[in-house]
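> What follows is a protein structure lacking sequence information:
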């Protein structure tokens, strides 16, 4: 998502609010799609702009501000000046709000003990506020520990599914997280009863972290020493989740945590909002939050990678930063929960990074670059699936030589039928000499029409609208010709068509014509060609890859591919014969051992080889055989 709101636009909005031109506008650190600006004027302002035109986070924050200004005394939030819309430089409306600038400094983790009591008082005022007018106007957070646990499990599954799509299989990282998730379940079930008793929903910050609390520089009896900002994720839920999220994010020691809890409980009692079951719920939430925090970060990484969550910065930079933070959070969770998961010692961040990769960024790094890739390999290594996956992830065109040659044979049949010629023998060889004809067999048709030359045949193929589209499901491509889907036609057991297609592909003049046509039609575009003669069909700058695989897996694929039932010895003999007849490894081709891994892993290995050396990932457990 591009930034469309400039400092000049913010300055104009501030002038409309205060009636005077600001002396300076300084942008603060953006979070998500929300950008924050400090406006220096006679009355300094903070202006928050949501770059997402469809976003409603500014509305949520404004509702929380308005409610808390009247429900807490002294107020725990700054004074809201306005909520309105402004136009970005692209002419699209964005929501923004403005509130009085809070002169001070945000808290940092680890939170010192000196601020613990003030934080406890601040959250007691927030959670003790009576905000009945927000019922139905704000989203509701979970009220059950088991609900939160289930949400964490779903987020873990979402991230694991993304890794599998990217070609990262199960490794020590996913297994360790799954072990912690399962070991926590018994504790969650035991503690969930404490959340089933009647209790009230309160206004929660929703993203309580030290960075959203400002320590005021100037203190007075009319204000609290701390002030809350960043309530764009405010929810109505259980206070225990909110406070647990803060204490884990603040990385507090035991003494500071005790001071915070005492101040919080006493603060609720002072305003007649005591919650006698809070402490039990808090420690249950805190235990779950140790795991839920890194997994929520992993799920956000998955959303950003899929493009379902917009970010203002370069997505690759954001994902790398989030991955570093996730590895640190996972290490802390493994250490804090080691008694539940059976670990004997603390885990370091370096160990977590060695367990496996958080996410694969290869396709994002290579986005916008074009390649000419040729994929060959041993029979039944899954070349078509791997080629289709590589083409989809790079946004390139995909051609399988088997499909191209069969489509050529079909076009030849149709052209001859239109010319009134009889069909060529399936094994008719290419003609030599100046004629360059595909076949030297007699035309036999009325009028003795000339045979199609290789270039005319190839030209007719593309003029008939020949296209191939890579798919994720078998047969991993869709072929169109003459405005119809001929994928199934190409796969029918037509012996004459198969033999004729092979004869055409073996003809060097046909291959040269295909190469020239691909070069002419797709100049500047990326191409992935898979199968026999793939390297010779591409022009200059070709990168060749040769796939090898586990013989047992290849036999199983061959047996599944054959419609007739063959015995295992027959399959082994057939595969051995196919291997003997297969051409050798192309010169300068990069060998990729698929082994018994899925095609997504092989596609990722190809992408890794396309990266600059400085961007290739460090060795970890992701590229090893499945555990």
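Good, I have the coordinates. Note that this is a predicted model, so its numbers are computed, not measured.
> What residues sit buried inside the helix or strand of the chain with the lowest mean pLDDT?
Confidence across the helices and strands of the chain bottoms out at helix 338-341, with a mean of 84, counting by mean pLDDT, DSSP states H and E. When neighbours are counted by 16 or more other C-beta atoms under 10 Å, the buried residues of helix 338-341 are found to be 338, 340-341. (Glycine included, C-beta is placed from N, CA and C.)
> After that helix, which helix or strand is next? Please name it.
helix 349-355 (DSSP states H and E).
> Report the buried residues of that following helix.
Within helix 349-355, the residues that qualify as buried are 352-355, counting by 16+ other C-beta under 10 Å.
> Run a quick neighbour tally on residue 312.
Residue 312 sits with 17 neighbouring residues when counted by other C-beta atoms under 10 Å.
> got the contact list for it?
Listed by C-beta atoms under 8 Å, 6 or more residues apart in numbering, the contact set of residue 312 reads 1, 3, 30, 32-33, 35, 51.
> Narrow those to those that are buried.
Buried among those (16+ other C-beta under 10 Å): 30, 32-33, 35, 51.
> about what we covered before: quick check: strands, which of the contacts of residue 312 are part of them?
Among the contacts of residue 312, the members falling in strands are residue 35 (criterion: DSSP state E).
> Kindly indicate which of the contacts of residue 312 lies nearest residue 302.
The shortest separation between residue 302 and any of those is 15.4 Å, and it belongs to residue 32 (by C-beta to C-beta).
> Would you check that that closest one makes contact with residue 304?
No: in this structure, residue 32 is not within contact of residue 304 by C-beta atoms under 8 Å, at 10.1 Å.
> Need the residues touching each of the two.
Taking C-beta under 8 Å, 6+ apart as the criterion, residue 32 and residue 304 both touch residue 311.
> Tell me the bridge partners for the closest residue to residue 141 other than its chain neighbours.
Of all residues not flanking residue 141 in the chain, residue 237 sits nearest, at 2.6 Å (C-beta to C-beta, 6 or more residues apart in numbering). Note on residue 237: beta-bridge partners by DSSP bridges are residue 202.
> Based on its surroundings, how many neighbours for residue 237?
Using other C-beta under 10 Å, residue 237 is surrounded by 21 other residues.
> Next: the one 5 residues further on.
Using other C-beta under 10 Å as the criterion, residue 242 is surrounded by 24 other residues.
> residues contacting it?
For residue 242, the residues meeting the contact criterion (C-beta under 8 Å, 6+ apart) are 123, 126-127, 204-206, 208.
> now, among those residues, which is nearest to residue 546?
Closest approach to residue 546 among those (C-beta to C-beta): residue 206, at 52.4 Å.
> Which stretches in the stretch 201-350 of the chain count as helices?
Taking DSSP state H, counting those that start in this stretch as the test, the helices found in the stretch 201-350 of the chain are 239-250, 254-270, 278-306, 315-336, 338-341, 349-355.
> Now the weakest link among the ones you listed, please, by mean pLDDT.
Within those, the stretch with the lowest mean pLDDT is helix 338-341, showing a mean of 84.
> Touching it from outside, list them.
Around helix 338-341, the neighbours that count as contacts under C-beta under 8 Å, 6+ apart are 176, 179-180, 183-184, 187, 334, 344-347.
> go again using 7 Å as the cut-off
179-180, 183-184, 187 (C-beta atoms under 7 Å, 6 or more residues apart in numbering).
> Can you redo those residues as TSV, where the extra columns are secondary structure and neighbour count?
TSV is the format used below for the contacts of helix 338-341 (DSSP: H, G, I helix; E, B strand; the rest coil; neighbours: other C-beta atoms under 10 Å):
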residue	secondary structure	neighbour count
179	helix	16
180	helix	24
183	helix	17
184	helix	22
187	helix	16
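> Including pLDDT and distance to residue 273, could those go into a markdown table?
Written out in a markdown table, the entries for the contacts of helix 338-341 read as follows (pLDDT from 0 to 100; distance: C-beta to C-beta, whole Å):
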| residue | pLDDT | distance to residue 273 |
| --- | --- | --- |
| 179 | 92 | 40 |
| 180 | 93 | 35 |
| 183 | 92 | 35 |
| 184 | 94 | 30 |
| 187 | 90 | 28 |
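> Let's have the contacts of residue 312 in CSV, adding pLDDT and distance to residue 545.
What follows is the contacts of residue 312, written out as CSV (pLDDT from 0 to 100; distance: C-beta to C-beta, whole Å):
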residue, pLDDT, distance to residue 545
1, 73, 35
3, 88, 39
30, 82, 40
32, 84, 39
33, 90, 39
35, 94, 43
51, 94, 40
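> Give the rounded mean pLDDT of stretch 572-587.
The predicted confidence, averaged over stretch 572-587, sits at 90.
> Could you list the low-pLDDT ranges of the stretch 101-250 of the chain?
Applying pLDDT under 70 to the stretch 101-250 of the chain picks out residues 198.
> Reformat the buried residues of helix 349-355 as CSV; add distance to residue 317.
As requested, the buried residues of helix 349-355 are arranged in CSV below (distance: C-beta to C-beta, whole Å):
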residue, distance to residue 317
352, 21
353, 18
354, 23
355, 23
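> those helices in the stretch 401-550 of the chain, which residues are they?
Secondary structure of the stretch 401-550 of the chain by DSSP H, counting those that start in this stretch: the helices cover 401-419, 454-463, 487-491, 495-506, 508-521.
> Need the winner for burial among the ones you listed.
With neighbours defined as mean count of other C-beta atoms under 10 Å, the helices of the stretch 401-550 of the chain peak in mean count at helix 401-419, which reaches a mean of 21.
> Report the rounded mean pLDDT for that one.
Rounded mean pLDDT across helix 401-419 is 93.
> Just list what it packs against, helices and strands only.
With contacts defined as 3 or more C-beta pairs under 7 Å, 6 or more residues apart in numbering; DSSP states H and E, the packing partners of helix 401-419 are helix 454-463, strand 477-481, helix 487-491, helix 495-506.
> Does the last one pack against any helices or strands, and if so which?
The one in question is helix 495-506. Helix 495-506 packs on helix 401-419, going by 3+ C-beta pairs under 7 Å, 6+ apart.
> Now do the helix it packs on: everything it contacts.
In this structure, residues lying in contact with helix 401-419 by C-beta under 7 Å, 6+ apart are 423, 445, 449, 452, 457, 460-461, 464, 466, 468, 477, 479, 481, 486, 490, 497, 500-502, 504-505, 514, 529-534, 537.
> repeat for stretch 285-298
Taking contacts as C-beta under 7 Å, 6+ apart, the residues outside stretch 285-298 that touch it are 145, 148-149, 152, 155-156, 159, 180-181, 184, 187-188, 240-241, 244-245, 247-248, 322, 325-326, 329-330, 332-333, 336-337, 358.
> what's the spacing between stretch 170-189 and its chain's center?
Between the centre of stretch 170-189 and the centre of its chain there are 22 Å (C-alpha atoms, centre = their mean, to the nearest Å).
> swap in stretch 106-120?
35 Å.
> From the buried ones among the contacts of residue 312, which land in helices?
Members of the buried ones among the contacts of residue 312 lying in helices (criterion: DSSP state H): none.
> list the helices and strands the helix or strand containing residue 122 packs on?
In the assignment (DSSP H and E), residue 122 maps to helix 116-128. With contacts defined as 3+ C-beta pairs under 7 Å, 6+ apart, the packing partners of helix 116-128 are strand 226-228, helix 239-250, helix 254-270.
> again, 10 Å this time
Helix 116-128 makes packing contacts with helix 57-71, strand 202-204, strand 213-216, strand 226-228, helix 239-250, helix 254-270 when contacts are defined by 3 or more C-beta pairs under 10 Å, 6 or more residues apart in numbering; DSSP states H and E.
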